[in-house]
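**Q** Okay, predicted coordinates and the sequence, questions at the end:
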Amino acid sequence: MKLHKLLLFLLFFAFASTAVAQSSSQLKRKKEAIQREIELLQRNLDKASQSKKLTLGEIRALSAKINLMQNKITVINSEIKNLDSEIHENTNTVHSLQGQLAQLKKEYAGMIRFAQRNRNSYDKMMFIFAARDFNQAYKRIKYLQQFGQYRKKQADYIQGTEKNLNYKIVVLDKSLKAKSNLLREQESEQDKLARNKREQASVLNQVSRQEKELGRDIAKRRKQQQAVDRAIRDAISREIAIARKKAEDEARAAAAKARAENKAAPVEKAKTNSNYLTSTPEAAKLSAGFENNRGRLPWPVGQGSITENFGRHTEGEASYTNDGVNILTADGAAVRAVFGGEVLFVRMIQGIYVVAIRHGDYFTIYQNLRSSSVAKGDKVETRQNIGSVATTSDGPVLHFEIMRGQSKLNPEAWIAK
């Protein structure tokens, strides 16, 4: 029974260790991904620092970098917590194995003493012949055989337990060293975070001195965005108008056919803009597919970091609304369609390309492209390259939006985490 309990305990510990290892590997991958984003932001900040003029992109990139560093420290803390749990479990296992080993050795010593007292064949024969009857003599023979086999098994269990104990001690030592390394890494990251926060404070002081310039920059961007928004609204309105006219023509044709056949004309429910945009089976299928991939859409760039979120923002006394997200990426990075669909338009507005793709009654907009590899009416597939990112004073930043009809949606709720 003791041996069975020991085996069950070891099996349970093996499963628990596997679960912790999986969790630790996930945390390690997450930490590495965060570090890649930090390095990307730092490369762009290094380029931006060569210019004496402070830009909104630099402010946003620094804030995004600080948030990522805080996230990295949180991940390191989770790794330390996992290791503490693993160290605690390994310590308990070592103590348990030491206790089991001591008990096994004690029992084995008792068997050895017994065997020593009955070490020659004469003693064994006397033990058998001293039986009351043949049945008892047979049982004594079987007992001596089983005793010998059990003693051999006990010796094997002792060796196995010692081997497992030594392995667990090595694992425990490795975990303690890993924790020591993580604590040093945590301390290093906290020092870096403190330096970056001081840099951020300095930048915010600089913002107050350059507030007028930043205000003009925001006004320029707002004007540019208004031009893009008008182009998008006009294009979507045209799509709705075309779909509406087609639906009205079909309704008139159906009514004329009904009159010719002396039947009552079919009564149609009032349609919304979304109904018009999904009036064909293909468009309805695209809409449903896009909607079913909420939270799982691929990013529009291979590598990037969101430096400005969806919604209202304030810089000094100026405020503005971002109808999408700004993603800082690498110079000349390829821009990819996040879902299959049809190119609604490709426009150059104030020196930059804007590409809009229709997915039924959903639309994705890719802004700040230096080149485009698609044209109006082209069919595109998920992750197909549609152009490359332009580098401006803010760096290589893609502005990405998602709309349903004329309504703006938060892209962060749609793209994969």
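**A** Structure's in. What do you need?
**Q** Can you show me the strands along this structure?
**A** Assigned by DSSP state E, the chain shows strands spanning 305-308, 311-315, 318-322, 325-328, 334-336, 341-349, 352-359, 362-372, 379-380, 385-389, 391-392, 395-404, 407-409.
**Q** could you dump those to TSV with mean neighbour count?
**A** Using the backbone N, CA and C atoms, a C-beta is placed for each residue, glycine as well. Output for those, formatted as TSV (neighbours: other C-beta atoms under 10 Å):
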stretch	mean neighbour count
strand 305-308	22
strand 311-315	12
strand 318-322	14
strand 325-328	25
strand 334-336	22
strand 341-349	18
strand 352-359	22
strand 362-372	22
strand 379-380	16
strand 385-389	21
strand 391-392	16
strand 395-404	24
strand 407-409	15
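**Q** could the ones you listed be laid out in CSV, adding distance to residue 85?
**A** Formatted as CSV, those follow (distance: least, C-beta to C-beta, whole Å):
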stretch, distance to residue 85
strand 305-308, 31
strand 311-315, 38
strand 318-322, 41
strand 325-328, 36
strand 334-336, 40
strand 341-349, 47
strand 352-359, 45
strand 362-372, 43
strand 379-380, 48
strand 385-389, 43
strand 391-392, 46
strand 395-404, 40
strand 407-409, 40
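**Q** Of those strands, which is nearest residue 184?
**A** strand 305-308 (25.9 Å; C-beta to C-beta).
**Q** Using PDB, write out every CA atom in the closest one.
**A** In PDB, the C-alpha atoms belonging to strand 305-308 read as follows (Å, rounded to 0.1, in the frame of the first residue of the first chain):
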ATOM      1  CA  SER A 305       2.700  48.000 -31.900                       C
ATOM      2  CA  ILE A 306      -0.400  50.000 -31.400                       C
ATOM      3  CA  THR A 307       0.700  53.500 -30.400                       C
ATOM      4  CA  GLU A 308      -2.700  55.200 -30.500                       C
END
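**Q** okay if I get the strands of the chain as TSV plus mean pLDDT?
**A** Shown next, in TSV, are the strands of the chain (pLDDT from 0 to 100):
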stretch	mean pLDDT
strand 305-308	86
strand 311-315	75
strand 318-322	73
strand 325-328	91
strand 334-336	95
strand 341-349	89
strand 352-359	91
strand 362-372	92
strand 379-380	94
strand 385-389	94
strand 391-392	82
strand 395-404	91
strand 407-409	90
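**Q** of those strands, which approaches residue 248 most closely?
**A** Closest among those, using C-beta to C-beta: strand 352-359, at 20.8 Å.
**Q** what's the angle between that closest one and strand 362-372?
**A** 150 degrees (axes from the mean of the first three to the mean of the last three C-alpha atoms, to 10 degrees).
**Q** Can you show me the helices along the stretch 151-300 of the chain?
**A** Assigned by DSSP state H, counting those that start in this stretch, the helices in the stretch 151-300 of the chain fall at 211-260, 273-277, 281-292.
**Q** ok, now which ones touch the residue lying closest to residue 347 once chain neighbours are set aside?
**A** Excluding the flanking residues, the one nearest residue 347 by C-beta to C-beta, 6 or more residues apart in numbering is residue 354, at 5.0 Å. Neighbouring residues of residue 354 by C-beta atoms under 8 Å, 6 or more residues apart in numbering: 228, 231, 232, 345, 346, 347, 348, 365, 366, 367, 369.
**Q** what about residue 354, distance to residue 301?
**A** 16 Å (C-beta to C-beta, to the nearest Å).
**Q** and what of residue 189?
**A** 26 Å.
**Q** what's the answer for residue 401, then?
**A** Applying C-beta to C-beta to residue 401 and residue 301 gives a distance of 14 Å.
**Q** same deal with residue 244?
**A** Using C-beta to C-beta, we find residue 244 at a distance of 36 Å from residue 301.
**Q** ok, these two, which is more surrounded?
**A** Between residue 244 and residue 301, counted using other C-beta atoms under 10 Å, residue 301 has the larger neighbour count: 21 against 16.
**Q** Which residue is the nearest non-sequential neighbour of that one?
**A** residue 329 (4.4 Å).
**Q** check contacts around the one you found.
**A** Taking C-beta under 8 Å, 6+ apart, we find residue 329 in contact with 40, 301, 302, 303, 304, 305, 389, 396, 397, 398.
**Q** tell me the two of those residues that are most distant?
**A** Farthest pair in the contacts of residue 329 (C-beta to C-beta) is 302 and 397. Separation: 15.0 Å.
**Q** buried set for stretch 286-303?
**A** The neighbour-count check on stretch 286-303 (16 or more other C-beta atoms under 10 Å) flags 286, 287, 289, 290, 293, 297, 299, 300, 301 as buried.
**Q** Ramachandran angles for the closest residue in space to the fifth one that isn't next to it in sequence?
**A** With sequence-adjacent residues excluded and distances taken as C-beta to C-beta, 6+ apart, residue 293 is closest to residue 339, at 6.6 Å. Backbone dihedrals for residue 339, given as degrees, to the nearest 10, come out at phi -160, psi 160.
**Q** Check residue 390 too.
**A** According to degrees, to the nearest 10, residue 390 has phi -90, psi 150.
**Q** Leaving out chain neighbours, which residue sits closest to it?
**A** residue 370 (3.6 Å).
**Q** Run through the residues that contact the one you found.
**A** Per C-beta under 8 Å, 6+ apart, neighbours of residue 370: 332, 352, 353, 387, 388, 389, 390, 391.
**Q** Check the buried residues of stretch 286-303 against residue 324 and report the nearest one.
**A** residue 300 (10.2 Å).
**Q** roughly how far apart are the closest one and residue 277?
**A** 22 Å.
**Q** Any buried residues in stretch 66-77, and which?
**A** 66, 68, 69, 70, 72, 73, 75, 76.
**Q** same thing with stretch 176-189?
**A** Buried residues in stretch 176-189 (16+ other C-beta under 10 Å): 178, 179, 182, 185, 186, 189.
**Q** and the gap between the fifth one and residue 410?
**A** Distance, residue 186 to residue 410, using C-beta to C-beta: 33 Å.
**Q** can you check the first one too?
**A** Using C-beta to C-beta, one obtains 39 Å as the distance from residue 178 to residue 410.
**Q** Return the distance of residue 45 relative to residue 24.
**A** Residue 45 is 31 Å from residue 24, by C-beta to C-beta.
**Q** Which of the two has more residues huddled nearby?
**A** residue 45 (19 against 16).
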